[in-house]
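[1] Build me a model:
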Amino acid sequence: MTEELEILLEAAKKAKMSQEQAEQQRRSFAYGNTNIENPRITKETVNEEAEKLKRK
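    Down below sits the predicted model:
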């Protein structure tokens, strides 16, 4: 591993995500995993369902 990569990894460990960033990452993860199994799933579908969950 290069020194530059080690520095970047250490910085990433200390980085704090905002709630908005965490939510965006969660939705992206959900889309990426569900779209593999079902190509009818879109980013819009994931966003709609995430909004429904937020209201509950």
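[2] Tell me who's in contact with the most centrally placed residue in the chain.
    Against the mean C-alpha coordinate of the chain, by Cα atoms, centre = their mean, the closest residue is Gln25 at 1.7 Å. Neighbour list for Gln25: Met17 [criterion: Cβ atoms under 8 Å, 6 or more residues apart in numbering]. (Each C-beta comes from the backbone N, C-alpha and C, glycine too.)
[3] And for the one 5 residues further on?
    Ala30 makes contact with 46, 50 under the criterion Cβ under 8 Å, 6+ apart.
[4] what helix or strand does it sit in?
    Taking DSSP states H and E as the definition, Ala30 sits inside helix 19-37.
[5] what helices or strands is whichever helix or strand comes after that helix leaning on?
    Per DSSP H and E, the first helix or strand lying C-terminal to helix 19-37 is helix 43-55. For helix 43-55, the packing partners by 3 or more Cβ pairs under 8 Å, 6 or more residues apart in numbering; DSSP states H and E come out as helix 19-37.
[6] how close does the residue nearest to the centre of the chain get to Glu3?
    Here the criterion is Cβ to Cβ, to the nearest Å. By it, Gln25 lies 27 Å from Glu3.
[7] and if you look at Lys14?
    For Lys14 relative to Glu3 (Cβ to Cβ), the value is 17 Å.
[8] And Glu51, by the same measure?
    Taking Cβ to Cβ, one finds Glu51 at 44 Å from Glu3.
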